[in-house]
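Trainee: sequence first, then the predicted structure:
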Amino acid sequence: MQAVTRQGMDRTRSLGRSAVPFQLRVLHDSGEITEVTARAVIDASGTYSTPNPLGSNGLDPLGLAEVADRISHALPDVLGRDRPRFAGRHTAVVGAGHSAANTLITLAKLAVEEHGTTVTWLIRNDTAARVSASEDDELRGRASLGERVRRLVDSGAIAVIDGFEIIRVARTPHGVDIAGSRRGAVAHVDADLIVAATGFRPNLEMLREVRLDLDEIVEAPRRLAPLIDPNVHSCGTVEPHGFAELQQPEPNFFIAGMKSYGRAPTFLLATGYEQVRSIVAWLDGDMANASAVQLTLPSTGVCSTGDASVQSCCS
Ligand SMILES: Cc1cc2nc3c(=O)[nH]c(=O)nc-3n(C[C@H](O)[C@H](O)[C@H](O)COP(=O)(O)OP(=O)(O)OC[C@H]3O[C@@H](n4cnc5c(N)ncnc54)[C@H](O)[C@@H]3O)c2cc1C
């Protein structure tokens, strides 16, 4: 799907708007572009295809175009088809979430098998709080990721550079010079490759003709945002929510799934299943089921706030 609009109505036209069907422009595998109409739209297109830039300012760092071929996006298949790319090389993994953790673990394993493979982990905060080995994490697999990364860091298999905010990248004969601001000074990391595991953001371009009310910080539906904003909490838990919280000013239009969390990183599949169940019940006129939202999510056990003045959800 390339774009959503209302039939014959751009975003500015109001009169009789809700009675007019949606029109979706669809690009087919054959290259043909067609348009289909719909009574309602649930945008569950995820965020995976729009990763966050490497720059700590939210933009691509200066010089990115000249090193684009030396950057891999989140979750390369390090021990599989991408093995030749990483074997014997020094890779800088950027990001502090679970995608970074997965890549660090596989690169450390590759380093044992392939001589000359080394790994540096670049994080912009002082600690990678979300990849902690919390004993209270109710998802055992997630907790074990943190534990494994911690052990690899402690053993020296992964070199960590914290407080590193990338500002510029430049091509070197064999790789990339990564320049960053660190503790008030400019620091450099010389790597062969970069893995950008900096998270994801929603693609809002296809929704330019749709009336949206999104939070200005996380770009999630406004009523959902306070429940998930990582500045407020990082518990991974969220209150049960459904059609009511996800409704947009554009009648019968919803954003669900990973995209409903905007830039917040804590989405779990169970949330999306319950969101869509509630929305579909509402579209079907079944208010009882639409309103009966039930959601119990496993806590990460890492209940910190980035801002001490903010009341933690987890306190
Ligand atoms: C690395 C990683 C690991 C995760 N692990 C877990 C986990 O273990 N457990 C868990 O509960 N959650 C996990 N999550 C979080 C989340 O549950 C998943 O990201 C989940 O896949 C999100 O589901 P979704 O349907 O919203 O989006 P997606 O799974 O990304 O699906 C979106 C779909 O929309 C399609 N699409 C995109 N753009 C368009 C378009 N313009 N037109 C038409 N189709 C489009 C895509 O091709 C895709 O098929 C993980 C997330 C990541 C990034």
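Mentor: Looks like it came in fine. Residues are numbered from 1 along each chain as shown.
Trainee: for the residue nearest the centre of the chain, give me phi and psi.
Mentor: The chain has F200 as the residue nearest its centroid, 2.9 Å off, counting by Cα atoms, centre = their mean. Here is the backbone geometry of F200 (degrees, to the nearest 10): phi -140, psi 160.
Trainee: how close does it get to Q248?
Mentor: Applying Cβ to Cβ, to the nearest Å, the value for F200 to Q248 is 20 Å. C-beta here means a position set from N, CA and C on the backbone, and glycine is covered the same way.
Trainee: contacts only, for the residue nearest to the centre of the chain.
Mentor: Applying Cβ atoms under 8 Å, 6 or more residues apart in numbering to F200 gives the contacts G46, T47, Y48, T50, P51, N52, A74, M258, R263.
Trainee: any chance of a markdown table for the residues you listed, columns distance to the ligand?
Mentor: Shown next, in a markdown table, are the contacts of F200 (distance: Cβ to the nearest ligand atom, whole Å):
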| residue | distance to the ligand |
| --- | --- |
| G46 | 2 |
| T47 | 7 |
| Y48 | 4 |
| T50 | 9 |
| P51 | 10 |
| N52 | 12 |
| A74 | 6 |
| M258 | 3 |
| R263 | 13 |
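Trainee: looking at those residues, which are in helices?
Mentor: If you go by DSSP state H, these have nothing in helices.
Trainee: buried among these? Make that a PyMOL selection.
Mentor: To isolate the buried subset of the contacts of F200 in PyMOL, counting by 16 or more other Cβ atoms under 10 Å, use the following:
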select buried, resi 47+51+52+74+258+263
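Trainee: mind putting the contacts of F200 in a markdown table, pLDDT included?
Mentor: Listed next are the contacts of F200 as a markdown table, based on pLDDT from 0 to 100:
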| residue | pLDDT |
| --- | --- |
| G46 | 97 |
| T47 | 97 |
| Y48 | 93 |
| T50 | 95 |
| P51 | 95 |
| N52 | 96 |
| A74 | 94 |
| M258 | 96 |
| R263 | 94 |
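Trainee: what's the neighbour count on the closest residue to Q248 other than its chain neighbours?
Mentor: Of all residues beyond its chain neighbours, the one nearest Q248 is L212 (5.5 Å), with distances taken as Cβ to Cβ, 6 or more residues apart in numbering. Counted with other Cβ atoms under 10 Å, the neighbours of L212 add up to 17.
Trainee: and A19, by the same measure?
Mentor: Look at A19: counted by other Cβ under 10 Å, it has 8 neighbours.
Trainee: I appreciate the help and will end here.
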